[in-house]
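> the following block contains a protein sequence and its predicted model.
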Amino acid sequence: MLALNKIDGKFRGDGVIWFILGVLSLCSVLAVHSSSSMMGFERQGGNTEFYLYKHGFFLLIGVAMTYVCYRIPYRKYSKAAPVLLIGALMLLLLTLGLGTEVNNAKRWITLPGIGLTFQTSDFAKIALIIYLARAITSKQETIHESFGGASLLVPIAAVCLFIAPEDLSTAVLLFIVSLLMLIIGRVSWKLIGLLLLIMMVLFCGLIIIGTFSPDSVRLGTWVSRISEFFSSPDGGYQILQAKIAIADGGITGLGPGHSMQKNYLPAPYSDFIFAIICEEYGLIGAGLIIALYLWFFYRCVGIITRSPKTFGAMLVLGLGLLIVVQAFANMAVSVHLVPVTGLTLPMLSMGGTSILSTCIAVGIILSVSKYIDQVPE
Amino acid sequence: MDIRNEVLSRVYITFFVLCGFSLFIFARAVNISVFEGDKWSAKGDSLYLKYIPVQAERGNIIADSGELLASALPFFEIRFDPNSTGMKAIHFEREVDSLAYCLANYVDNSRNHFEWLEYLKYHRKKGTRNILIKKEASLSEKNEIQKFPLFSRGQYKGGLILDRKSKRQRPFSMLAHRTIGYVRENAQPVGLEGYFDKELAGSEGMRLVQRVGRDYIPVSDLDEIESVAGKDIKTTLNVNFQDIAQSELIKGLKKHDADFGCAVVMEVQTGAIKAIANVKNSESGFWENYNYAVGTAVEQGSTFKLASIMSLLEDKKIELEDLINIENGETAFFEERMVDASMACKDIDTTTIRRAFELSSNVGIAKLVQHYYGTNNKAGEFVERLKKMGLGEKTGITILGEAQPYLKEAYSKKDNWSGISLPWMSIGYESTMTPLQMLTFYNGVANGGKMMKPYLVDQVEEFGETVRKFKPEVLLPKMASSKTIQLVQDLLLGVVENGTAKKLKSNRVQFAGKTGTAQTNYSKIDRSSKLKYRASFAGYFPADNPKYSVIVMVENPKVFGFYGSQVAGPIFKGIAEGIFESEMDLHVALNEKGIPRRVNSKMKGKHVGNKEDFKEIFKNLNIPYRDNIAENKWVQLQPRRDSLNLYPKIFSEELVPNVVGMGLKDALHLLESRGLKVKTSGVGKVRLQSIKSGTAAKGQSIWLTLK
């Protein structure tokens, strides 16, 4: 990709990020093929490759989306931000009302006509980040005053609130990323304190609703996962299986396709794909994957540093954090640091919407990088 | 620029925090993988490798002469692992076609050769580890399948997975069904299977299996811990006797439309149970579903009178020729009416005690017992005497579920002892026992007063060797004095010769016994309800030298009579005659009666056969013969004045022999050894042969007419 970048003028932007995207996609194909074969065998009449093809198809679409987003001048995202945010909020509300349940969680809506389902929160995340980047940029002058950025709190609270009942981990992730953006964007500490307070109140509200109406909030799942995490020395069944996978992998791993634990881990192709990577490729493979995400964020930091415009920097910061924080959160589950979440490993896990939203985010980052490269330092 | 630096420095801090966090994650992974690696891996092994028990083959239950009553029929579940670890691609490719051919032609033709081929190749490619080949293959089928191409390479290289299982089979189906019993999950164990479960079960083995997908497949084709097959239980049951007892019982139940019944045959000298039949008459037919003989303690009725009269004799209260007034078959004790069942008693006023017993007079026996034990608080003596004769105790037979017998304690409040308890007890009411316990008592009388413990299992065997032998056990060496035993044996014979069972007298085998007719619903009786009875007969045969004792009990016969003599007696007689005729030992052998007369004139036709066979017969029958030739297989008989002469008979190897006069066995041997195909009709000796003797033998078909 680097070479391509120099040959073809159309491929500008950060070549390293293109490269990382390519490597992650390749790893993704390997890991998903191994870990989804059992599900294919069981659900697709013995067709162990069904999910590989499906995944490959989404990867191709994803890379295409990256290219499209990269081609769009990033200033246009700023203009579209309010529309995107309102659209995202409406979609989230729709999901809560009419969503399709998968694995007992109502996070998907089915597209009418084609029957494809997608997870609305994946797009709402990006919409919120773009909006925050725009808002922080436009309020730069007053933002450090006590309540200068107060209007920022409403969209954060609204998006998180709509996601939380069915998908607390995504809501928490999004909240953390938003919080980091606000802090880095120099929002006053008083306002940060206020945001924390609002979130606490909202969360308590959710718990109360969940107590009286268990169908509308997945309170039971939260309680059981958290209590399992703290009460069991092994971290509960799923985490135990992940640890067995990591232990079996050792330093060099069992080799591609040789995972045993994929038979025991629930969702080995998404939530626990990091454990499967550890099992098949060992600590070496795991270290490389961690390094790839860090490298990716390092490149983002470079773009931020060189970005002439605040909006571009904030956009790259938010989207970069979104990807990397989610990646580390996913890994933290497998190594028994946090309770089981439903968070995927961006770009690696199987799951159409997750791949597409990650690709879009990367595309936007690349779009920003395109413009800093035009301006020599 | 100030703002920009402030923002940037915050970005850098965030980056370093993330770096730290990622390092922390990696350190955790290193810790789990390297430092705690063994711990977690071991947990993993225990999760996807596990030991599963391997069922041991259950021992057989066999009859006294070796017939299988219940046996483990082994079968195999055969599976194929097309991706077994040791399978070489070249072997698969070379042999899969032949394997598919074999599977299509010999195992499962729902797929043809090519479909099988496709199927096997498909699963090989898909990485499948487990294909079902045959769910229940017999041992011989399994042996064939094991020889198939690829499969013959074993589990590791050939992917053949054999899972040995077994199911319980009863070759004689209903025969002694309940006595053989069963052991099932979630059910009370029953019968011999239950009692000897420990011996029969053997010990489970262990097999290491690995989880593959949803299934477990064995890690190797050897069990890690071999199971130990169960031991065999050799019973005392005789299949032939059992068959006789059961069919006679069913015949009787059918005729009288009774609810259920049982019949037990015991060997007098040892107490070995030779047959035990329990049959219930249900809408769906006759079936053994409860071991009445062992499990139900009931009022036995008149068969109990034997104990009463023995008690009176043993305590020297009476002589059999003493007179007793039976009051025309009706009396009352404390205003409670007692009536004799036998019509013959209606015309009798005073008679001997012997006669009263033979006619089963309730009045007679009850009056005697009441007279001698009913006063001066002597009822206890009567009960004590019964106990001394071995009544009121369990027999201790080695089968689950023997019911506890019940004898009332004299004057006991707990037992509701009343003024009429003693007379009614003496005629078989107010106390309960099982048919088997009653039979044990009768068997003791037949055995000259030595009461034997009934037993069902002769020995426990392992690989045909005896590992535990059950010897006959004596429960009571002397039930009563020899004189008393002698007297009651005589009485029991009298019952059959002159008494209630007179009509049952057999001209084939002399037996002795006692009828019993108990009323079963007397306590709830009112005028509207129909009386219900329990008919029974207990006795033994041959009367002069008792070999077997038998008890028959039939519950609630509804048509064609209800008396013991009408219902149970004929069943007893059928069993006695059936057993007597099938038992060679009970007959006097021909050669014990001296040399049979030779009636030359009756030896029509020629008698040709194997020389050694003839000699064997003559030796056994003590018939003198003269062997004129030394070395010849075939001989013809020639009667002489004082002996039979054997003359040689020589047959050419190339010609059709003359087989007229031969038995079929010899004729077949001769003809088939010359390449002829033999077809026969009729039974007996060869009368006609379709090809003349002397014709060249060239593999023709020959018809023999036997007569």
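Sure thing, it's come through. Just so it is clear, the model here is predicted, and its values are computed rather than measured.

> touching, residue A:275 and residue A:242? I think so.
Yes. Counting by C-beta atoms under 8 Å, residue A:242 is a contact partner of residue A:275 at 3.8 Å. (C-beta placed from N, C-alpha, C; glycine too.)

> what touches both of those two?
Shared contacts of residue A:275 and residue A:242, defined by C-beta atoms under 8 Å, 6 or more residues apart in numbering or on different chains, comprise A:261, A:265, A:334.

> looking at the residues you listed, which one is closest to residue A:156?
residue A:334 (28.6 Å; C-beta to C-beta).

> before we move on, the earlier item: can you pick the most crowded of the shared contacts of residue A:275 and residue A:242?
Neighbour counts for those (other C-beta atoms under 10 Å in any protein chain shown) peak at residue A:334, which has 32 neighbours.

> in the stretch 501-650 of chain B, which spans are strands?
Assigned by DSSP state E, counting those that start in this stretch, the strands in the stretch 501-650 of chain B fall at B:512-519, B:533-541, B:548-555, B:608-610, B:625-627, B:634-639, B:644-648.

> helix or strand right after the helix ranked longest in chain A?
Taking DSSP state H as the criterion, chain A has its longest helix at helix A:273-306. Downstream of helix A:273-306, the next assigned helix or strand under DSSP states H and E is helix A:310-334.

> how far out from the middle of the chain is that next one?
7 Å (C-alpha atoms, centre = their mean, to the nearest Å).

> before we move on, the earlier item: and chain B, is the longest helix of chain A touching that?
Yes. Looking at helix A:273-306 against chain B by C-beta under 8 Å from any C-beta of the partner chain, the contacts come from A:278, A:282-283, A:286-287, A:290, A:293-294, A:297-298, A:301, A:304-305.

> what comes up buried for that helix?
A:273-283, A:285-287, A:289-290, A:292-306 (16 or more other C-beta atoms under 10 Å in any protein chain shown).

> and stretch B:56-71, what's buried?
B:56-64, B:67-71.

> with only the CA atoms kept, save that stretch in CSV.
The C-alpha trace of stretch B:56-71 is given here as CSV (Å, rounded to 0.1, in the frame of the first residue of the first chain):
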residue,chain,number,x,y,z
ALA,B,56,-19.3,-54.2,31.5
GLU,B,57,-21.0,-57.1,29.9
ARG,B,58,-23.7,-58.3,32.2
GLY,B,59,-23.5,-62.0,33.3
ASN,B,60,-26.0,-64.5,32.1
ILE,B,61,-28.7,-66.2,34.1
ILE,B,62,-28.8,-69.8,33.1
ALA,B,63,-31.1,-72.7,33.8
ASP,B,64,-30.0,-76.0,35.5
SER,B,65,-28.8,-77.6,32.3
GLY,B,66,-27.2,-74.5,30.8
GLU,B,67,-30.0,-72.9,28.8
LEU,B,68,-29.8,-69.2,28.8
LEU,B,69,-32.7,-67.5,30.7
ALA,B,70,-31.3,-64.0,30.4
SER,B,71,-28.2,-63.0,28.6
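
> which outside residues touch that stretch?
B:72, B:74, B:166, B:168-172, B:175-176, B:180, B:192-193, B:199-205, B:227-239, B:242, B:272, B:274, B:458.

> check what pLDDT residue A:227 gets.
Model confidence at residue A:227, expressed as pLDDT, equals 84.

> how far away is it from residue B:306?
Counting by C-beta to C-beta, to the nearest Å, the gap between residue A:227 and residue B:306 amounts to 76 Å.

> between those two, who's got more neighbours?
Using other C-beta under 10 Å as the criterion, residue A:227 and residue B:306 rank with residue B:306 on top: 27 against 12.
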